[in-house]
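Trainee: sequence? don't have it. structure:
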């Protein structure tokens, strides 16, 4: 197990995957490393669902934190091709949370759910000793839709790899929200403002719905812990394929590059909620990129899926490097380091 962050695929395969309770034929997609959601068959329709901690980082401000909490959950369902529709939320609130904070948080949750077309259907709300920020509970997001719209992730040899927005979107959004002074001191006010604007890019709901509408998509994945390279590694291992990834073709926004340089973080293996990783049939790849750009979302074709025997490689300025799963996401290490410097 890692000291911090999400468990690695090997641990998941050894400990979690063999112990999934009773087998049920209605479970179409069960827990798998590299897959953000599960799927249950409901007659002619399917239900895609995903769960996560309900993450409220008080330092961000309650409104921004609540926006992020909803979009983390919704993004993991959206990558199934099924629009998020229902939310169940368990709030285990810290004793230090004031009533006005809870009221404001819930107003934002309600507002964002309305914008996304999501209904809150059940939950639990209480204050308990031993609970603390930022993990103030957990939640499950559900989507129900036609089986024809469901994208069961299975990357295929010959697919193009598409990356939206670029790496380290979440890393940038959170580091500058918590530690703005360090970035301002090194690069100035204008870079800080640009980096702060990245925060509201930390969602793949819009990216995924646009991408799915084009067609030809074989897999979508939200690049969370482990970043772009960790996410692509998970996709490849899940589908038993190789990948050839062109790092120089992955969009790297200037504000992201400077933020990562400031804090000493490798952007390509750092947490990146908001970055959508896609494999798609080659004939549809340009159409996906164009559709995203038409909606103001930068994206690029950054590689191709190859036979598994050809391996997983990153090409950087003509040099070839083997792709390995990040042992620890550097965001967590640097986040803790800079918390101690504040």
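Mentor: Sure, I can see it. All values derive from a computational prediction rather than experimental measurement. Numbers count the residues shown, from 1 in each chain.

Trainee: how's the chain carved up into domains?
Mentor: Per automatic domain parsing, the structural domains of the chain span 34-149, 160-341.

Trainee: now the shortest one: how far from the chain's centre is it?
Mentor: Translated: domain 34-149. 14 Å (C-alpha atoms, centre = their mean, to the nearest Å).

Trainee: would you mind measuring the gap between the ends of that domain?
Mentor: End-to-end distance for domain 34-149, by C-alpha to C-alpha, to the nearest Å: 20 Å.

Trainee: now do stretch 180-194
Mentor: Distance across stretch 180-194, first residue to last, is 12 Å (C-alpha to C-alpha).

Trainee: list the buried residues of that stretch.
Mentor: By neighbour count on 16 or more other C-beta atoms under 10 Å, the buried set for stretch 180-194 is 182-184, 187, 191-192, 194. Quick note: C-beta positions are derived from backbone N, CA and C, even for glycine.

Trainee: how about the helices of the stretch 151-300 of the chain, start to end?
Mentor: 169-178, 180-187, 189-196, 205-214, 227-239, 254-263, 282-294 (DSSP state H, counting those that start in this stretch).

Trainee: how about residue 117, what does it touch?
Mentor: Applying C-beta atoms under 8 Å, 6 or more residues apart in numbering to residue 117 gives the contacts 83-85.

Trainee: quick one: which of these is nearest residue 9?
Mentor: Proximity of the contacts of residue 117 to residue 9 (C-beta to C-beta) peaks at residue 84, which lies at 25.5 Å.

Trainee: how close does the closest one get to residue 271?
Mentor: Per C-beta to C-beta, to the nearest Å, residue 84 is found 21 Å from residue 271.

Trainee: same thing with residue 43?
Mentor: From residue 43 to residue 271 the distance is 38 Å (C-beta to C-beta).

Trainee: who has more neighbours, those two?
Mentor: The neighbour comparison of residue 43 against residue 271 (other C-beta atoms under 10 Å) goes to residue 271, with 29 against 7.

Trainee: OK, contacts around that one?
Mentor: Going by C-beta under 8 Å, 6+ apart, residue 271 touches 168, 170-171, 174, 224-227, 329, 331-332.

Trainee: got the end-to-end distance for stretch 84-100?
Mentor: Stretch 84-100 has an end-to-end distance of 28 Å (C-alpha to C-alpha).

Trainee: show me the shaky parts of this structure.
Mentor: By pLDDT under 70, the low-scoring segments of the chain are 2.

Trainee: and if we set it to 80?
Mentor: Applying pLDDT under 80 to the chain flags residues 1-6, 34, 342.

Trainee: all strands of it, in order?
Mentor: Assigned by DSSP state E, the strands in the chain fall at 27-29, 38-42, 45-55, 86-93, 119-127, 135-146, 160-164, 217-222, 242-246, 276-280, 299-306, 312-316, 319-322.

Trainee: rewinding a little: of the domains of the chain, which is nearest residue 28?
Mentor: The stretch from the domains of the chain with the least distance to residue 28 (C-beta to C-beta) is domain 34-149; that distance is 4.3 Å.

Trainee: phi and psi next, for residue 61.
Mentor: Note on residue 61: its backbone torsions stand at phi 90, psi 140 [degrees, to the nearest 10].

Trainee: number of nearby residues for it?
Mentor: Residue 61 has 12 neighbours, counted by other C-beta under 10 Å.

Trainee: and residue 327, by the same measure?
Mentor: Neighbours around residue 327, by other C-beta under 10 Å: 12.

Trainee: wait, it touches residue 7, no?
Mentor: No. Contact criterion C-beta atoms under 8 Å: residue 327 and residue 7 do not qualify, at 11.6 Å.

Trainee: for residue 179, which non-adjacent residue is spatially closest?
Mentor: residue 338 (5.0 Å; C-beta to C-beta, 6 or more residues apart in numbering).

Trainee: pull the contacting residues for the one you found.
Mentor: Residue 338 makes contact with 175, 178-179, 182, 263 under the criterion C-beta under 8 Å, 6+ apart.

Trainee: between those, identify the one with the most neighbours.
Mentor: Among the contacts of residue 338, residue 175 has the most neighbours (other C-beta under 10 Å), with 25 neighbours.

Trainee: pretty sure residue 263 is one of the things it touches, is it not?
Mentor: Yes. Using C-beta under 8 Å, residue 175 is in contact with residue 263, at 5.6 Å.

Trainee: touching both of those two, which residues are there?
Mentor: Residues touching both residue 175 and residue 263 by C-beta under 8 Å, 6+ apart: 334, 338.
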